[in-house]
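> Need coordinates for the following:
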Amino acid sequence: MDDTADTRGWADTTARIVSEALAPAVIVTAVIASVAWDSTATAWQAVVWSVVFVLFAAVIPMGFVVAGVRAGRWADHHVPDRAHRRWPMVVAAASVGVGTALVLTLGGPTDLVALGATMGAVLVLVWVITDRWSWKVSGHTLTAAVGATTATALGGWAGAAVAWPLALLVGWSRVRLRSHTAAQAGVGALLGAAAMVVFFLLR
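Numbering: from 1, shown residues only. The predicted structure is shown next:
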């Protein structure tokens, strides 16, 4: 009995670590940096455009969520209650839109502009599913699949061999913690992968 309890405790702890280490903001930052690196002429340009776009695509949305947690508007930075996810998603979509427009206006990489448009479209779609259809798509698995698809497109088989097992681990962690059903995790992954397949096919 004790062994079973220890195993469950270990599994839950591992799931929490995975959920934090591979949280959406972390993966979004990595994806932006990878696309910027692949679409600019110098390392300095990649760093500059990555910083600019990450500010709007990850830092500002996450800052809004953290501020909401401190104000008591939602339970934690994962916003577990579906009914509370509307404004975080609206703010994220708006912030991505501003960041995309800024990169475009300043003459940044067209690939980052396209990535911003893709991210904005996915955020709107997830908002519609969550708000109108009362279904909580997993943001963790969505961004994990975005990251894995990006790693595959830019890193080939080596990137895929590392990234897809991590994406599966993220899905397991969200179901293990009862934050999402297997279906919600699966749909999130499908949406993320499909969006990035379209992005890389059209870039």
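
> for the protein, what spans make up the helices?
Residue ranges of the helices in the chain, as given by DSSP state H, are 2-21, 24-39, 43-54, 60-70, 86-105, 110-132, 139-176, 182-202.

> how about CSV for the ones you listed, with mean neighbour count added?
Any C-beta I mention is one placed from the backbone N, CA and C, and that applies to glycine too. Written out in CSV, the entries for these read as follows (neighbours: other C-beta atoms under 10 Å):
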stretch, mean neighbour count
helix 2-21, 12
helix 24-39, 21
helix 43-54, 17
helix 60-70, 16
helix 86-105, 18
helix 110-132, 18
helix 139-176, 21
helix 182-202, 18
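
> Lowest mean pLDDT across those helices, which one is that?
With a mean of 82, helix 2-21 has the lowest mean pLDDT of the helices of the chain.

> Give me the helices and strands touching it, please.
In this structure, helix 2-21 packs against helix 139-176, with contacts taken as 3 or more C-beta pairs under 8 Å, 6 or more residues apart in numbering; DSSP states H and E.

> angle of the helix it packs on against helix 110-132?
Using axes from the mean of the first three to the mean of the last three C-alpha atoms, to 10 degrees, one finds that helix 139-176 and helix 110-132 are set 50 degrees apart in direction.

> orientation of helix 139-176 relative to helix 182-202 in degrees?
Counting by the same axes, to 10 degrees, helix 139-176 points 150 degrees away from the direction of helix 182-202.

> helices or strands up against helix 139-176?
Packed against helix 139-176 by the contact rule (3+ C-beta pairs under 8 Å, 6+ apart) you find helix 2-21, helix 24-39, helix 110-132, helix 182-202.

> quick revisit: which one of the helices of the chain lies nearest to residue 77?
helix 60-70 (5.3 Å; C-beta to C-beta).

> Can you tell me what sits against the closest one?
Where contact means C-beta atoms under 8 Å, 6 or more residues apart in numbering, the residues beyond helix 60-70 that reach it are 25, 74, 75, 76, 77, 79, 87, 88, 91, 92, 95, 96.

> Would you check that residue 40 makes contact with residue 46?
Yes - in this structure, residue 40 sits in contact with residue 46. The criterion is C-beta atoms under 8 Å, and the distance is 4.6 Å.

> ok, the contacts of helix 60-70 vs residue 16, which is closest?
Of all the contacts of helix 60-70, the one sitting nearest residue 16 is residue 76; the distance, using C-beta to C-beta, is 11.2 Å.

> Please determine how far the residue nearest to that closest one when sequence neighbours are not counted is located from residue 49.
Nearest residue to residue 76, sequence neighbours excluded (C-beta to C-beta, 6 or more residues apart in numbering): residue 69, at 6.0 Å. When C-beta to C-beta, to the nearest Å is the yardstick, residue 69 and residue 49 sit 30 Å from each other.

> cool, and residue 128?
In this view, residue 128 and residue 49 are 30 Å apart by C-beta to C-beta.

> do the same with residue 84
For residue 84 relative to residue 49 (C-beta to C-beta), the value is 32 Å.
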